[in-house]
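Colleague: sharing a model prediction with you, sequence too.
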Amino acid sequence: MPKLAFFYATFPRPTETFVRRELRALIELGIQPEIFSIWGGEAEWQNIKIRRFCLWKLSMLIYWLPYWAWKNSTAFREILSALWNRPCPNLQNWNETFLGLGFALVEAKRLKNEKYDLFHGVWATMPATATFALSRLTDTPFSMGAHAYDLFRRGGDWLLIEKFKYAAFIRTSSKSSFRRLHAMGLPKEKIHLIQRGLSYWPARKSFELKKHAFIKLISVGRLVEKKGYFFLLRILHDLSQRNNCEFEMKIVGSGPLHGKLSEEIVRYGLSKKVFLLGSKREDEVRELFLEADVKLFTGIIDSKGDRDGIPNVIPEAMSAGCLILASNYAGASEAFVDRVSGYEINPRRPREWVELLEEFANKPDTFISMRKKAQLYCKKRFDIKNTARSLRKIFLNAIITNE
């Protein structure tokens, strides 16, 4: 079996359950990558050692910078030239880029001696920066993932053009990101659209409402601008003004907007209807989906250009039998077929959301067929076994092509 190395910014990260599911499925298929965590993380995951980078090693750059400038001057100059000639999108990307480059410069000689067949950066930011630099310094092929955050936020990552030029392939998980990659000049044959997968299929006991005209709503995601939570609260406020529909909304997630959202909930008079639950474990979220009737996602394109591809929580809610009401921005509605297995709606038009929720509350039986179709559609399209097989194939093909 080929020798692969997977590079993560931080592994495991509590919110990235889909990353762990995918890695677990690949391991079951015989792909046994070495796991590198560049910024913190755990020492072990499921009895597998994680190779965490010790930040104190960056002090060794005083040696490795002149070493690689002499040993591989062409690659060294190329990387520095790209950094010099193009403005950095933001401070965070500056930090991630130089940490990825620092990691590569310090670790390149050792990793070259370990003779890997392929380096893979799971994200297009810090991990792909590391794999791109490692590849140029050691003459080892690399591949990378590129998703919505990597491609859209403030125009994308600093070194994207160079990474795309040399990567064996780029994996993305939504059509909107695929289109973005192609628009940036990548040939379609170099881009692989492989969506995230699910490994569990929960059984809902009943599709009936527990109380007539009372619906349990749920929204799951980080409390950040691109999730559109302020639009969600406006929808819930308008729904609360209707006389023939009662509801309870649980918002799962943590983030910088917690304080402002709490204030808005009070201002709208929703304190007895809307609850901020904070972060929850994967199994807890699964149970909350089974208890909920409707999953709402009001994501938008935020002020920095960031947006979601296919939010993983939408297929998760579909698999649990929730009715799906999702934003028509970016890739959210790619997870289902509009008006067949879910609804695609503009979050800036609260009336459409309110009327649909009101109809559901009073005629829930008319939506059961759609909810069951969503479950079947999800199982067919988002099975982690199929996702892992597709990934395994492109990894092996990339290695064979490079031989």
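Modeller: Received, thanks.
Colleague: look at the nearest residue to Gly40 once chain neighbours are set aside and report its pLDDT.
Modeller: The shortest distance from Gly40 to any non-neighbouring residue, by C-beta to C-beta, 6 or more residues apart in numbering, is to Thr10 (5.2 Å). Where you see a C-beta, it was placed from the backbone N, CA and C, and this is true even at glycine. The score at Thr10 is 97. That number is its pLDDT.
Colleague: okay, now Thr10: neighbour count?
Modeller: Residues near Thr10, counting by other C-beta atoms under 10 Å, number 16.
Colleague: got it, and Arg392?
Modeller: 15.
Colleague: ditto for the one 5 residues further on
Modeller: Using other C-beta under 10 Å, Asn397 has 13 neighbouring residues.
Colleague: and it, which of the three is it?
Modeller: helix (DSSP: H, G, I helix; E, B strand; the rest coil).
Colleague: who touches it in this structure?
Modeller: Listed by C-beta atoms under 8 Å, 6 or more residues apart in numbering, the contact set of Asn397 is empty.
Colleague: what's the distance between it and Ser303?
Modeller: In this structure, Asn397 lies at 40 Å from Ser303, with C-beta to C-beta, to the nearest Å as the measure.
Colleague: still on that earlier bit, please identify the helix or strand for the residue nearest to Gly40.
Modeller: Using DSSP states H and E, Thr10 maps to neither a helix nor a strand.
Colleague: need the contact list for it.
Modeller: Under the criterion of C-beta under 8 Å, 6+ apart, the contact list for Thr10 reads Ser37, Ile38, Trp39, Gly40, Gly41.
Colleague: try 7 Å
Modeller: Ser37, Trp39, Gly40, Gly41 (C-beta atoms under 7 Å, 6 or more residues apart in numbering).
Colleague: now the residues you listed as JSON lines including pLDDT, neighbour count and secondary structure?
Modeller: Below are those laid out as JSON lines (pLDDT from 0 to 100; neighbours: other C-beta atoms under 10 Å; DSSP: H, G, I helix; E, B strand; the rest coil):
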{"residue": "Ser37", "pLDDT": "98", "neighbour count": "22", "secondary structure": "strand"}
{"residue": "Trp39", "pLDDT": "96", "neighbour count": "19", "secondary structure": "coil"}
{"residue": "Gly40", "pLDDT": "94", "neighbour count": "12", "secondary structure": "coil"}
{"residue": "Gly41", "pLDDT": "94", "neighbour count": "20", "secondary structure": "coil"}
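Colleague: show me which of those residues is closest to Ala104.
Modeller: Among those, Trp39 lies closest to Ala104 (C-beta to C-beta), at 13.8 Å.
Colleague: now do the contacts for the closest one.
Modeller: Ala9, Thr10, Leu99.
Colleague: which one of these is nearest Gly309?
Modeller: The shortest gap between Gly309 and any of the contacts of Trp39 belongs to Ala9, at 17.5 Å (C-beta to C-beta).
Colleague: pretty sure the closest one contacts Ala128?
Modeller: No. Between Ala9 and Ala128 there is no contact under C-beta atoms under 7 Å: 10.0 Å.
Colleague: rewinding a little: reformat the contacts of Thr10 as a markdown table; add distance to Val224.
Modeller: Below are the contacts of Thr10 laid out as a markdown table (distance: C-beta to C-beta, whole Å):
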| residue | distance to Val224 |
| --- | --- |
| Ser37 | 23 |
| Trp39 | 19 |
| Gly40 | 21 |
| Gly41 | 22 |
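Colleague: show me where the stretch 51-200 of the chain has helices.
Modeller: 61-71, 73-85, 91-113, 126-138, 148-152, 160-166, 175-183 (DSSP state H, counting those that start in this stretch).
Colleague: show the average pLDDT along the second one.
Modeller: Think helix 73-85. On average, helix 73-85 scores 85.
Colleague: ditto for the last one
Modeller: When pLDDT is averaged along helix 175-183, the result is 92.
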